[in-house]
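In: Give me a 3D structure for the following:
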Amino acid sequence: WLEIKKKKLVPEESSKNKLNLKISLYESFVKRPADLFFSIILLISTTPIILIASILVFIEDGGSIFYKQNRTGYKNKIIKIFKLRSMTTGSEKDGPKWAKLNDSRVTNVGKILRTTRIDELPQLLNVIRGDMSLIGPRPERPEIDMKLKKEIKNYDLRYLTKPGLSGWAQVNYHYGSSINDSYQKLSYDLYYLKNKNFFLDLYIFLRTIKIVFNIKGSKPKT
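Out: Predicted coordinates:
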């Protein structure tokens, strides 16, 4: 199964008939309990980090500590994800935008939070609530999804499973900041949908930990 990291599924070759997307025994009796167990453990163990980060966010500009954002969830249901705020307040007053390299909207503390992925830790609450899984395609904002659905064939298929805190695309591809990046990442998401199993999830989980400690893949290329 380690050889799967060398493969990816091309979006044009995928279809609903090829993807067995019914909830499997694995997802019902292994994946969900594992999500709950590990999310609770991770949330408890990282609470001191979240508290320190929260204080630093508030000290920098006195703004809100946490940030709620609409994302597309399972079967296109809109969910609210929680993050530690890493951008200036009102950074998207002109509408949602992809982050870019050296983005001026990112605060000084936010740069650290994004590089270390600490800003994503509050999403463990989403996993506990059942809106997300630890492993799955990353959820995108509905406004951006509307554009991507028009540009990329079969893009909607990625939401036929719960979105994840990390995923196959995240451990194989850099931070996405364009339609082309989304196209490339979709191929990994579709591969995950077709081949998800315990060993693949475990492999992604371990790769994610390695990436976080190596501080890789947290910035867009452009």
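In: Please make it C-alpha for all contacts and neighbour counts, starting now.
Out: OK.
In: ok, and for the helix or strand encompassing I44, which residues are buried?
Out: Applying DSSP states H and E as the criterion places I44 in helix 32-61. For helix 32-61, the neighbour count (16 or more other C-alpha atoms under 10 Å) marks R32, D35, L36, S39, I40, L43, I50, A53, S54, L56, V57 as buried.
In: doesn't N126 make contact with the third one?
Out: No. No contact is recorded between L36 and N126 when judged using C-alpha atoms under 8 Å, the distance being 10.3 Å.
In: Could you tell me which residues make contact with the residue sitting nearest the centre point of the chain?
Out: For the chain, the residue nearest the mean C-alpha position is R138 (3.2 Å; C-alpha atoms, centre = their mean). For R138, the contact set (C-alpha atoms under 8 Å, 6 or more residues apart in numbering) comprises P163, G164, L165, S166, G167, Q170.
In: Could you measure from the fourth one over to K75?
Out: Spelled out, it's S166. For S166, the distance to K75 (C-alpha to C-alpha, to the nearest Å) stands at 18 Å.
In: repeat for N195
Out: Note on N195: its distance to K75, by C-alpha to C-alpha, is 19 Å.
In: which of S166 and K75 has more neighbours?
Out: S166 (22 against 14; other C-alpha atoms under 10 Å).
In: ok, now which ones touch the residue nearest to the more buried one when sequence neighbours are not counted?
Out: Distance criterion C-alpha to C-alpha, 6 or more residues apart in numbering; nearest residue to S166, sequence neighbours excluded, is I135 at 5.1 Å. Counting by C-alpha under 8 Å, 6+ apart, I135 touches P163, G164, L165, S166, G167, W168, D201, I204, F205.
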